[in-house]
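1. coords below, sequence missing:
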């Protein structure tokens, strides 16, 4: 049986990082599966399930896609890991939020911060070996927890939003929002370009004035600007302003984002 490629990151004592014995055993087992079988099994989210595949194993296979240059396989595995990171970020200050809780905008910040960090490491690893990604391949949960701690430190330096918002647990961007912001997205030729764009977009959003940034974040969270249903939470209600004010803030924000991203994103291509 051929040995798996070694990791390259070293501890402070100078020892190479190593995957756990169980992780390596599961990687070898998964090598016997077809790619579709691997991904279908990876959809299992219950860790107690006999066929659950740990995230460390998925990171290994994600990194290997660059050796055969298969963007479709890379993107499918990345989406699986992205979903797991988003779910992990629902643990707020060490307490798991239930499906009925109303997480505030900080949860979205957790997700964006950790996903941006992970995406940056993955992009670098696609270009050359990125040692910082070894942490995720060794102890995925610990790596996510450390990134969440970094996110908390960053957010506590900002003013806290005063309102709470609701959002889809999976953090998916709704079709309406995709259409609304589609004009910002350049034509890209690869997964790396798409990830770079998203990374740049989030940085640009973070640079907006607070009133505009909150509107854009709420739009990404799938919250409607207004609704005829009085029980439906809307951006207008949460911010205490009229629908036209929300539209004005959104239009100003989109105009600024187009200006900030236009030339920069074209340079990526």
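-> Happy to help now that I have it. The shown structure was predicted, so the numbers you read here are calculated from the model rather than taken from an experiment.
2. quick one: low-confidence parts of the stretch 1-150 of the chain?
-> Along the stretch 1-150 of the chain, segments meeting pLDDT under 70 span 1-2, 90-109.
3. all strands of it, in order?
-> In the stretch 1-150 of the chain, the strands defined using DSSP state E, counting those that start in this stretch lie at 91-92, 95-96.
4. which residue ranges of the stretch 51-200 of the chain form helices?
-> Secondary structure of the stretch 51-200 of the chain by DSSP state H, counting those that start in this stretch: the helices cover 55-68, 71-88, 105-127, 134-138, 140-155, 175-181, 191-206.
5. quick one, which of the ones you listed is nearest to residue 233?
-> helix 105-127 (12.9 Å; Cβ to Cβ). Using the backbone N, CA and C atoms, a C-beta is placed for each residue, glycine as well.
6. now that closest one against helix 55-68, angle please.
-> Angle of helix 105-127 versus helix 55-68, following axes from the mean of the first three to the mean of the last three Cα atoms, to 10 degrees, is 40 degrees.
7. which strands and helices lie in contact with helix 105-127?
-> For helix 105-127, the elements it packs on are helix 55-68, helix 71-88, strand 91-92, helix 140-155, helix 191-206, helix 210-220, judged by 3 or more Cβ pairs under 8 Å, 6 or more residues apart in numbering; DSSP states H and E.
8. the longest helix seen in the chain versus helix 210-220: what angle between them?
-> Within the chain, and with DSSP state H defining each element, the longest helix by residue count is helix 243-268. Between helix 243-268 and helix 210-220, the angle comes out at 80 degrees (the same axes, to 10 degrees).
9. okay, buried residues for helix 243-268 please.
-> By neighbour count on 16 or more other Cβ atoms under 10 Å, the buried set for helix 243-268 is 245-246, 249-250, 253-254, 256-257, 260-261, 265, 268.
10. among those, find the lowest-pLDDT one for me.
-> Lowest in pLDDT among these is residue 268, which has 29.
11. show me the shaky parts of the stretch 151-269 of the chain.
-> By pLDDT under 70, the weakly predicted segments of the stretch 151-269 of the chain are 152-199, 221-222, 231, 262-269.
12. circling back: so which of the helices and strands packed on helix 105-127 comes closest to residue 112?
-> Going by Cβ to Cβ, the one of the helices and strands packed on helix 105-127 nearest residue 112 is helix 191-206, 5.3 Å.
13. and the spatially closest residue to residue 249 that is not a sequence neighbour, how far is that from residue 115?
-> Distances taken as Cβ to Cβ, 6 or more residues apart in numbering place residue 215 nearest to residue 249, at 4.5 Å, with adjacent residues excluded. Per Cβ to Cβ, to the nearest Å, residue 215 is found 21 Å from residue 115.
14. which one's more surrounded, these two?
-> residue 215 (27 against 21; other Cβ atoms under 10 Å).
15. could you chop the chain up by domain?
-> Using automatic domain parsing, the domain parsing of the chain gives 18-93+105-119+130-155, 173-269.
16. quick revisit: with distance to residue 37 added, can I get the helices of the stretch 51-200 of the chain in CSV?
-> As requested, the helices of the stretch 51-200 of the chain are exported to CSV (distance: least, Cβ to Cβ, whole Å):
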stretch, distance to residue 37
helix 55-68, 12
helix 71-88, 13
helix 105-127, 23
helix 134-138, 21
helix 140-155, 21
helix 175-181, 30
helix 191-206, 22
